[in-house]
Each structure stands twice: as structure tokens, then as C-alpha cells.
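> predicted model follows, preceded by the sequence.
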Amino acid sequence: ATTLLGLSCISSDHPLYKGMIGMHGNVACNIATTNCDVLIAVGMRFSDRVTGDIDRFAPQAKIIHIDIDKSELDKVIPTTVGLNGDAKTTLQQLLPFVHSANHDEWLRSFDDDWAIEREKVINDEINPQNGVITMGQVVHKVTEATGNQAVLVTDVGQNQMQSARYFRYTRPRSIITSGGQGTMGFGLPAAIGAKIAAPDRTVCLFAGDGGLQMTIEELGVILQYNVDVKIVLLNNDFLGMVRQWQKVFYDGRFSATQPERGTDIASVAKAFGVKGMRIKN
């Protein structure tokens, strides 16, 4: 049984795509990773957000790690086989050794855990019944409105995790995120670059109020060059991810995670000639 990690090259509706692993990932994927006997990791760092306790991560798996950066091999998780090279070139060289096979029973093994996660987590997130807008609901509505054809760009934080979980994609090269670099403010300039590189595609940026204000001056570039980027600000008036960690890992000792509340970002956008609106329901 081989676990495939983070396949952004295939559709999110593809039967081989089972979601993300790690602390923000999907239950079935984490269980499969823990139980698998072979794990192929392509271009990943085995960061703490993925592994948790490294002594309990995929304890019985033979690990094949492909990465262009040699220093990443065996840095965190010991590998059975470490392949230093460009992911595309390396995978192409491996293809002649791969034989077609069906593992329908293994693929079905995800179904029960996915059903539990949908019932206990996903349904309440994308279809809340208490009238409060959730991040997952917004992401779900936006991806539906784009026909699952848009390019997703994220900033860093809870907006990044929620959009990675609930945005759907059906075309290659559809996700741009800083990943483990964790640089707040990454999203807006990255979205501008994405739209310039792919002018025929809809580009949707999801950002938090903290991260967007790190590089909000780039709205001037949007004004100057008339770059059509859809910016979705998930504004909870907190540095949400940092606050989440302070709550969970630091016994609720909150520090510097609540900026000035009530900043009217929509009005700031208008000052740059960008249409801005505040959505409450």
C-alpha cells in the first residue's frame, strides 16, 4: 500500500487524490500514512506540520524521498531510498519500472474515515447552520462559482489551510502557496504574478487580515497594470494561526495576535481604485 502525498498534478476529484496529511490534513490520509508499508514523498520537507512526533510518523513504512535539494534527504525522516533530482526528470526515469495495477480494496479503505470526517467536520464547515460565515464555506462557494477551474493562491495562516482543504481544482498548475516557508504577505504579489503568467485563467487569492496588510501596497501594482485578481479576505480580526497555536500549545497565553480590530480593508482597496465590498451573509 503506497500513500501518495499532495498530488497537485491531478484533479482533486480524481480517485487517487485523497487529500492532505498532517495536523491540518484529512483523517483518512493520516491513518493511511501511519499504516502504509511504502511511502513516496516527492518534493516535500517532512515538516513538523506534516509529521507531528517523528518517532510515530509512518513507523513501518519504507520511505522513498525525491527532492531537488540534497540537504532535505534524511534531514528529518530517515529514508530507505533518497533520490536527489528534479521531480519531473526523476519520475520520468522511474516510469519504465512501474507496472499498471489496480488496488480497489485499498482505495475503498479510505471511505469510512472520509464519511466520519464529512459528518463531524466538513459538513458544518461548508454548510454552517448557525448563520455565521465560516472560512471553509467561503472557499467552497468561490470554487463552485469558478466551476473548479480557477487558480488558487493563498497567503499564510488559517486562510491557507482552509483554502487548501476546500478549494477544488480540475486542471494542472492550479495551486500557488508558500507551503512550509510560512511567509505572511506572500499571497498578493504571488497572485499578481499568477495572473500575468496565466491571463486566460481566473485567479483567486485567499488571505487573512494580518497577511494581506503585510503587502497591501501591491494593490498599487494592480491599479497601475489593471491586473484582474479576485481577492477574498477572510477577516477574523486575529492573527488566526498564531492565536490557534497559542491556544492549543501555550495554554491560552495570547500575545500580539489581535491587531487593531475593525480595519475597513474594503475602503483601503477603493483608495487604490480596486472595487471593495464587505460581505456579511
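Received, thanks. Numbers count the residues shown, from 1 in each chain.

> all strands for the stretch 151-281 of the chain, in order.
Along the stretch 151-281 of the chain, the segments classed as strands by DSSP state E, counting those that start in this stretch run 151-154, 175-176, 203-208, 230-234.

> and the closest residue to Phe57 other than its chain neighbours, how many neighbours does it have?
Leaving aside its sequence neighbours, Phe57 sits nearest to Thr51 (Cβ to Cβ, 6 or more residues apart in numbering; 4.2 Å). To be clear about C-beta, it is placed using only N, CA and C from the backbone, and glycine gets the same treatment. The burial metric for Thr51, expressed as a neighbour count using other Cβ atoms under 10 Å, is 19.

> what about the helices in this structure?
Assignment of helices within the chain using DSSP state H yields the ranges 27-35, 48-51, 87-94, 104-108, 111-117, 123-126, 135-145, 158-166, 187-197, 209-212, 219-225, 240-249, 265-271.

> show me the shaky parts of the stretch 51-200 of the chain.
Flagging of the stretch 51-200 of the chain using pLDDT under 70 yields the residue ranges 180.

> can you check the pLDDT for Arg261?
The pLDDT attached to Arg261 in the predicted structure is 66.

> same deal with Leu219?
The per-residue confidence score, pLDDT, reads 96 for Leu219.

> that one and Gly187: what is the separation?
Taking Cβ to Cβ, to the nearest Å as the measure, Leu219 and Gly187 are separated by 12 Å.

> do the same with Leu234
As judged by Cβ to Cβ, Leu234 and Gly187 stand 11 Å apart.

> neighbour count winner among the two?
Using other Cβ under 10 Å as the criterion, Leu234 and Gly187 rank with Gly187 on top: 31 against 24.

> for the nearest residue to that one once chain neighbours are set aside, which residues are in contact?
Taking Cβ to Cβ, 6+ apart as the measure, Gly187 lies nearest to Asp155, with 3.2 Å between them; neighbours along the chain are not counted. If you count contacts by Cβ atoms under 8 Å, 6 or more residues apart in numbering, Asp155 has them with 184-188, 205-208, 211-212.

> any of those buried? List them.
Burial of the contacts of Asp155 was assessed by neighbour count (16 or more other Cβ atoms under 10 Å); the buried members are 184-188, 205-208, 211-212.

> that older thread, redo the strands of the stretch 151-281 of the chain as TSV? Include distance to Ile126.
Shown next, in TSV, are these (distance: least, Cβ to Cβ, whole Å):
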stretch	distance to Ile126
strand 151-154	16
strand 175-176	19
strand 203-208	14
strand 230-234	14
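
> out of the ones you listed, nearest to Ile68?
Distances from Ile68 to each of these were compared by Cβ to Cβ, and the smallest falls on strand 175-176, at 18.0 Å.

> run me through the strand neighbours of that closest one, direction for each.
strand 151-154 (parallel) (DSSP bridges).

> got a list of contacts for the partner strand?
Counting by Cβ under 8 Å, 6+ apart, the neighbours of strand 151-154 from elsewhere in the structure are 143, 160, 163-164, 167, 169, 173-178, 186-187, 190-191, 194-195, 198, 201-207.

> centroid-nearest residue for the chain?
To find the centre residue of the chain, average its C-alpha atoms and take the closest one (Cα atoms, centre = their mean): that gives Ala164, at 3.1 Å.

> so it touches Gly22, yeah?
No: taking contact to mean Cβ atoms under 8 Å, the distance of 10.4 Å between Ala164 and Gly22 leaves them out of contact.

> list the contacts of the closest residue to Ile222 other than its chain neighbours.
What sits nearest to Ile222 in space, not counting adjacent residues and going by Cβ to Cβ, 6+ apart, is Val274, at 5.9 Å. Contact criterion Cβ under 8 Å, 6+ apart gives 219, 222-223, 231 as the residues in contact with Val274.

> of these, closest to Ile66?
Distance from Ile66 was checked for each of the contacts of Val274 by Cβ to Cβ. The minimum falls on Ile231, at 34.4 Å.

> ok so, going back, highest neighbour count among the contacts of Val274?
Note: the member of the contacts of Val274 with the most neighbours is Leu219, at 24 neighbours, neighbours being other Cβ under 10 Å.
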